[in-house]
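Novice: 3D model of this:
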Amino acid sequence: MQNLTEKQLTALNPKFEAQKIAFSPIVFQTVISLRELGILDYLFDNFSEATIEDICDHLKLSDYGVRVLLEMAECADIIEYINKDRVKLTKVGFFILNDELTRVNLNFVNDVCYHGAKSLTECIKTGKPEGLKVLGNWKTVYEGLSQLPEKIKTSWFEFDHYYSDDAFPTALKIVFNENPKYIFDIGGNTGKWSFACCDFDKNVNVKILDLPGQLNIARENAKNRGLLNRVDFHQIDLLDEFQKIPKGADAIWMSQFLDCFSPEEIIKILKNVKQAASDTTNIYIMEPFFDNQRFPAAKYSLTATSLYFTTIANGNSKMYSCNKMKELVSKSGLEVVEVFPLIGDSYHTILKCRKTQ
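Specialist: Numbers count the residues shown, from 1 in each chain. Model prediction:
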């Protein structure tokens, strides 16, 4: 074999990384197939004992089909060969199968984002979510959430809830430290935060403000939980500047809501919040800021999520940095009075805001 110079060896790694990118959609679909066909489960259940023949017999798959998937999986460090016919999962394969973050992200990308991602270039040019057309004929995904096919809807909500649910226990303590009696949950979706508030404090009342499709889901969920006497609903399109948020809240809560809008839209929404707030109303913004994360995997996932907003959600929003959100808060006539970074075991930071005096 011809000896390679140090310069040539140095060039091999970035070239290899470039090939990973070139074939990444195929690797992704390989992972989906390995999971859907039960191969990953079989390898996990038969640790270090699975032969290709066993896999074929147990799952009723062809030798050809199993081999092409496993050969790609080996290159992607998902499985490793013990010998030419015996394979086992690597740590990467274990995480793909068993890690909840990875499962939620895989399902979200596969069911919600994958087909529309092809439109990314066009989305950048037009500023519109051109990829949304593969899901339905809406201006934004939020208009069609309640109408999505069940599998896609499930993946969307699991993704949304995964990144917020772990923050709720600590967030509730922060909000209720001020003893609010009436909370506005803006962009309340299915009502999870509102119901958590009701469970936390038996005397609190909550108003959910959202689009009609989401309110219908939240209202049904509230009915099933026997909370219609404590949770009320206000239909609003916050992109319509003539629709005003009502007054009267002790606390106004926005969780993973403002990242659904462009900077200009965020300022308009926060000005609407300001007109609804009194001098003593506490305003809470909870977001997973990409520049304030414990681990590189979290930053990577959040940054990639921005491209979901570009292609599917609305074409003009993204995940923001903490400093950028503080800047938008200031421009809207509010001020950040306290910051709660990375609360609990979550990815989230809470900005507590009030009207500027």
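Novice: Please count neighbours and contacts with C-alpha atoms only from this point.
Specialist: Will do.
Novice: Assign a three-state SS to residue 339, would you?
Specialist: On the three-state scheme (DSSP: H, G, I helix; E, B strand; the rest coil), residue 339 is labelled strand.
Novice: In contact with it, which residues?
Specialist: Contacts for residue 339 (CA atoms under 8 Å, 6 or more residues apart in numbering) come out as 349-352.
Novice: Name whatever forms a beta bridge with it.
Specialist: Beta-bridge partners for residue 339, by DSSP bridges, are residue 351.
Novice: If you rank the contacts of residue 339 by neighbours, which is first?
Specialist: For the contacts of residue 339, the largest neighbour count, defined by other CA atoms under 10 Å, is 26 neighbours, found at residue 350.
Novice: So what sits opposite the nearest residue to that residue once chain neighbours are set aside in the bridge?
Specialist: Closest residue in space to residue 350, ignoring its immediate chain neighbours: residue 286 at 4.4 Å, by CA to CA, 6 or more residues apart in numbering. In this entry, residue 286 is beta-bridged to residue 255, residue 350, by DSSP bridges.
Novice: neighbours around residue 286, how many?
Specialist: By other CA under 10 Å, the residues close to residue 286 number 25.
Novice: now residue 18
Specialist: By the measure other CA under 10 Å, the count of residues near residue 18 is 12.
Novice: Now it: which helix or strand?
Specialist: According to DSSP states H and E, residue 18 maps onto helix 6-22.
Novice: can you list contacts of the helix or strand in which residue 233 is found?
Specialist: According to DSSP H and E, residue 233 maps onto strand 231-235. Strand 231-235 is contacted by residues 194, 205-212, 215, 219, 222 when judged by CA under 8 Å, 6+ apart.
Novice: Okay, strands next: where are they in the stretch 51-200 of the chain?
Specialist: 79-81, 86-89, 182-186 (DSSP state E, counting those that start in this stretch).
Novice: ok, back up a step: could you point out which element follows the helix holding residue 18?
Specialist: Next helix or strand after helix 6-22 toward the C-terminus (DSSP H and E): helix 24-36.
Novice: Tell me how far residue 337 lies from residue 308.
Specialist: In this view, residue 337 and residue 308 are 31 Å apart by CA to CA, to the nearest Å.
Novice: Between strand 182-186 and the strand holding residue 233, find me the angle.
Specialist: For strand 231-235 against strand 182-186, the angle by axes from the mean of the first three to the mean of the last three CA atoms, to 10 degrees is 40 degrees.
Novice: and residue 338, how many residues sit next to it?
Specialist: Residues contacting residue 338 under the criterion other CA under 10 Å number 12.
Novice: do the same with residue 282
Specialist: Using other CA under 10 Å, residue 282 is surrounded by 21 other residues.
Novice: Residue 174 too?
Specialist: Residues lying near residue 174 (other CA under 10 Å) number 16.
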